[in-house]
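Chemist: would you be able to build a 3D model of this:
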Amino acid sequence: MTPELTALTLAALLQVLQFVAYSIAAQRQVGPRYALGPRDEPRVLTGVAARLQRAMTNHFEGLALFTIAVTVITVSEQSTPVTAACGWAYLGARILYVPAYAFGLTPWRSYIWIVGLLATVVMLVAALL
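Modeler: Residues are numbered from 1 along each chain as shown. You can find the predicted model right below:
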């Protein structure tokens with residue numbers, strides 16, 4: 001498996017962990033009866049639960065682009081030390097992004113997000129060269 005595919009696989013597992021963290025925080029806020037019910041009446045999450053939900057949603061969005069980058073690099077057999085480093089940079093940024101968002105670390109959360117996006121963009125550009 002290429003380093004990029006390994007980073008993608010670990011990023012997917014990170015998404016699972018984010019879902020678990022968000023679910024636990026949300027259930028603590030709304031209670032198990034609501035969480036296990038049909039949720040016919042929407043409830044607005046606040047605080048850490050809401051931030052974990054937004055971080056998870058943000059990762060779904062970033063993961064889509066990162067998956068495209070990894071797929072193009074892998075299928076075209078263009079894995080290089082640069083694209084491998086970008087894969088690890090993306091994963092590292094996403095790992096750091098979760099607590100940065102959960103704890104409201106401004107402006108660091110945005111800087112961390114930019115690192116992940118730039119790593120993805122570099123991979124996409126590298127595939128075209």
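Chemist: the lowest-mean-pLDDT helix or strand in the chain packs against which elements?
Modeler: Of the helices and strands making up the chain, the lowest-confidence element is helix 32-36, at a mean of 81, by mean pLDDT, DSSP states H and E. Taking 3 or more Cβ pairs under 8 Å, 6 or more residues apart in numbering; DSSP states H and E as contact, the helices and strands that helix 32-36 lies on are helix 3-30. C-beta here means a position set from N, CA and C on the backbone, and glycine is covered the same way.
Chemist: in the helix it packs on, what's buried?
Modeler: By neighbour count, with 16 or more other Cβ atoms under 10 Å as the criterion, the buried positions of helix 3-30 are 3-4, 7-8, 11, 14-15, 18, 21-22, 25-26, 29-30.
Chemist: hmm, back to that, any chance you could list what contacts the least confident helix or strand of the chain?
Modeler: 23, 26, 27, 43 (Cβ atoms under 8 Å, 6 or more residues apart in numbering).
Chemist: isn't residue 53 up against residue 22?
Modeler: Yes. Look at residue 53 against residue 22 with Cβ atoms under 8 Å: they come within range, at 5.1 Å.
Chemist: if we can go back for a sec, with just CA atoms, put the least confident helix or strand of the chain into CSV.
Modeler: Extracted as CSV, the C-alpha positions of helix 32-36 are listed here (Å, rounded to 0.1, in the frame of the first residue of the first chain):
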residue,chain,number,x,y,z
PRO,A,32,-30.2,9.0,25.9
ARG,A,33,-33.9,9.1,25.5
TYR,A,34,-33.8,11.7,22.8
ALA,A,35,-30.6,10.3,21.2
LEU,A,36,-32.2,6.8,20.9
